[in-house]
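> Need coordinates for the below:
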Amino acid sequence: MTAAAKRSSFDKLSFRLVVAVLAVAGILGVVLLQRDPEPVLLPEMAAEPVILPDGRALYAQRHEVTIAEWNTCAADGACDLTLRARPDHNPSITPATGLSYVDAQQYVRWINNKTGRDFRLPTAGEWAVMAAPVLPEAPDPLFTDPSLTWASSYLVEGLAPRTLKPQGSFSISPEGIGDLDGSVWEWTMECYNGTARSGALDRCPAFFVGGEHVAAMSYLVRDPARGGCAVGTPPAHLGMRLVSDRPV
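Residues are numbered from 1 along each chain as shown. Have a look, this model is predicted:
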């Protein structure tokens with residue numbers, strides 16, 4: 001083989017090696033740029049799933065999303081609202097409140113993107129099943145005279161506490177879900193269109209919230225005292241709890 005031929009063969013081999021090195025470097029670069037799911041952000045879930053009437057298992061967050069958890073989303077630029085805890089409240093154990101449905105969906109999208117999971121809000125029916133063991137049954141009327149029905153309603157409405165308290169201040173369900181009977185009313189993903197439930201979530205004007213009684217709130221409302229509700233007294237605080245259709 002002549003010197004020129006040797007140089008040509010060496011140049012081809014060098015070129016192949018360079019191409020191979022660049023290809024490996026490119027693959028490594030892509031791998032390094034891809035962010036792995038962040039399990040540290042996974043919420044604490046209840047000890048046991050809720051078994052729904054149709055036999056499905058629903059996995060629910062043990063407590064409502066806290067101020068500290070929410071502000072992690074805000075600091076990451078994915079949640080528009082930044083929350084402040086009162087001086088006497090620990091943000092790590094104080095529920096995040098003052099949230100609209102839009103806010104809640106921002107958090108859902110963010111945590112799913114960060115963890116690679118499929119969290120969502122519960123439906124109104126799912127929330128009712130979760131809360132049934134800890135919510136009081138509807139009381140018997142205090143007045144049987146039809147003309148005094150308003151008095152019965154007045155005296156039994158608004159029995160739930162309205163002061164915002166740290167997580168763990170209220171009842172625990174048999175599955176280990178806390179504070180469903182507390183002062184925070186939780187957004188569901190179920191639409192209320194003014195007369196009935198509707199599946200058109202992207203055009204829904206209001207959604208059900210889970211609490212002392214059935215209520216429907218405008219999707220933009222953060223302060224329930226300023227927004228309307230379907231029946232009964234307005235919710236005290238609007239917050240959220242995550243659920244999943246598969247174990248976390």
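
> Every contact and neighbour count from this point should use C-alpha atoms.
Fine.

> By mean pLDDT, which helix or strand of the chain comes out lowest?
Least confident helix or strand of the chain, by mean pLDDT, DSSP states H and E, is helix 149-156 with a mean of 39.

> so how far is whatever helix or strand comes next after that helix off the chain centroid?
Downstream of helix 149-156, the next assigned helix or strand under DSSP states H and E is strand 184-192. Taking C-alpha atoms, centre = their mean, to the nearest Å, one finds strand 184-192 lying 10 Å from the centre of the chain it belongs to.

> for the record, mean pLDDT for strand 184-192?
Across strand 184-192, pLDDT averages out at 94.

> Over to stretch 205-223?
The model assigns stretch 205-223 a mean pLDDT of 89.

> Likewise for stretch 117-134?
For stretch 117-134, mean pLDDT rounds to 96.

> Send me that stretch as CSV with only the CA atoms.
C-alpha atoms of stretch 117-134 as CSV (Å, rounded to 0.1, in the frame of the first residue of the first chain):
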residue,chain,number,x,y,z
ARG,A,117,-47.5,11.0,37.3
ASP,A,118,-51.2,11.4,36.4
PHE,A,119,-52.6,13.3,39.4
ARG,A,120,-56.0,15.1,39.0
LEU,A,121,-58.8,16.6,40.9
PRO,A,122,-61.6,14.2,42.0
THR,A,123,-65.0,14.2,40.6
ALA,A,124,-67.8,15.5,42.8
GLY,A,125,-69.1,11.9,43.2
GLU,A,126,-65.6,10.6,44.1
TRP,A,127,-65.2,13.4,46.7
ALA,A,128,-68.6,12.5,48.2
VAL,A,129,-67.6,8.9,48.6
MET,A,130,-64.2,9.9,50.2
ALA,A,131,-65.9,12.2,52.7
ALA,A,132,-69.0,10.1,53.5
PRO,A,133,-67.5,8.4,56.6
VAL,A,134,-66.5,11.7,58.3
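
> In that stretch, which residues are buried?
Neighbour-count burial for stretch 117-134, with 16 or more other C-alpha atoms under 10 Å as criterion, is recorded at 117-124, 126-128, 130-131, 133-134.

> Report the distance from it to the chain centre.
Centroid separation for stretch 117-134 versus its chain: 11 Å, with C-alpha atoms, centre = their mean.
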